[in-house]
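Trainee: how would this look folded up:
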Amino acid sequence: MEKDLNGRVQSVDRAMKLLEVLGDEAKGQRLTDLAKKTGLSLTTVHRLLTTLEQRRFVQFSQADSLWHIGIGAFTIGSSFSSDRNFAAAAIPVLRHLRDQTRETANIGIVDNDEIVLLEQIQSREITRSLSTVGGRTPMTSSGMGKAVLACYAPDDVRGVIKRRGFRRSTQTTITNLAVLEDQLARFHEEGYSLDNEEYRVGLRCVAAPVFDRRSEVVCAISVSGTPDRISDDRVRGLGALVASAAAELSRKMGYAAPVVLT
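Mentor: Numbering: from 1, shown residues only. Prediction:
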């Protein structure tokens, strides 16, 4: 059994890398694309995919010759979600927020200094989702990420930047610590954060943090949509609705104090 210098089992690490790449593209991926994105040889990728397919973690579509995430991965992912009581408690809150705003409502958690989209209630007025459950976003260019960062101590915020850096995705992506700190300070005045097409062109998000009974931030919720729907004149009103929904979910999580951040 081969291990690298960090003690990782090489074959397992490679298989996990394949699953991560497949999870980033809901439409599926070709064998050659997977090899290119993972840096593995075609032979290695095919061998790993065949093994994962036998365990139902991936599946192959004969119709378009694309590999997709399988039901096995979905089952395990669902177990993770059900084990987080805030995910179950969030569903009615997200549905109400979706109906109030007519926009897609989301809940995300922090993992490895990134925001992972845990659950999503689609807007009834939009036929195409701009983000997918399980997708990862840098905290510094995510509405939910900035809502969580606003609850961190300044040194902890700088720690995230030191570990992850700033990654430019669009022309509006924040790449300066002073600008980020200004936005986080603004959150404390307004009660919500904004992703202004900072991770993906054509996607804006308004977000707020959720607290547990220990007064610790555990996740964040948001509404997302296209810039013509999440327009400048709607942001403040949407922010108030998202902040109210986040406070409601916080109460369900046992958070007793008013949501006041310092």
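
Trainee: can you tell me the SS state at the nearest residue to Ile174 once chain neighbours are set aside?
Mentor: Once flanking residues are discounted, Ile174 sits nearest to Leu180: 5.1 Å by C-beta to C-beta, 6 or more residues apart in numbering. Heads up, the C-betas are built off the backbone N, CA and C, glycines and all. Assigned by DSSP: H, G, I helix; E, B strand; the rest coil, the conformation of Leu180 is helix.

Trainee: and what of the one 3 residues further on?
Mentor: With three-state DSSP as the basis, the three-state label of Gln183 is helix.

Trainee: tally of neighbours for it?
Mentor: For Gln183, the number of neighbouring residues by other C-beta atoms under 10 Å comes to 18.

Trainee: surely it touches Asn196?
Mentor: No: at 9.7 Å, Gln183 and Asn196 do not qualify as touching, with contact defined as C-beta atoms under 8 Å.

Trainee: let me know the next secondary structure element after the lowest-mean-pLDDT helix or strand in the chain.
Mentor: Across the helices and strands of the chain, mean confidence by mean pLDDT, DSSP states H and E is lowest for helix 71-83: a mean of 60. Using DSSP states H and E, the helix or strand that follows helix 71-83 in sequence is helix 85-101.

Trainee: other SSEs contacting whichever helix or strand comes after that next one?
Mentor: Toward the C-terminal end, the helix or strand that comes next after helix 85-101 (DSSP H and E) is strand 104-111. Taking 3 or more C-beta pairs under 8 Å, 6 or more residues apart in numbering; DSSP states H and E as contact, the helices and strands that strand 104-111 lies on are helix 85-101, strand 114-121, helix 143-149, strand 217-225.

Trainee: which of these is buried the deepest?
Mentor: By mean neighbour count, with neighbours taken as mean count of other C-beta atoms under 10 Å, helix 143-149 ranks first of the helices and strands packed on strand 104-111 at a mean of 29.

Trainee: got the contact list for the helix or strand following that one?
Mentor: From helix 143-149 onward toward the C-terminus, using DSSP H and E, the following helix or strand is helix 154-164. Here helix 154-164 makes contact (C-beta atoms under 8 Å, 6 or more residues apart in numbering) with Asp113, Glu114, Pro138, Met139, Thr140, Leu149, Tyr152, Leu177, Leu180, Glu181, Leu184.

Trainee: wait, the last one touches Lys146, no?
Mentor: Think Leu184. Yes: at 6.5 Å, Leu184 counts as touching Lys146 under the criterion of C-beta under 8 Å.

Trainee: which residues are in contact with both of the two?
Mentor: Ser193.

Trainee: please report how far Cys219 lies from Leu249.
Mentor: 8 Å (C-beta to C-beta, to the nearest Å).

Trainee: I'm done for today, thanks for sticking with me.
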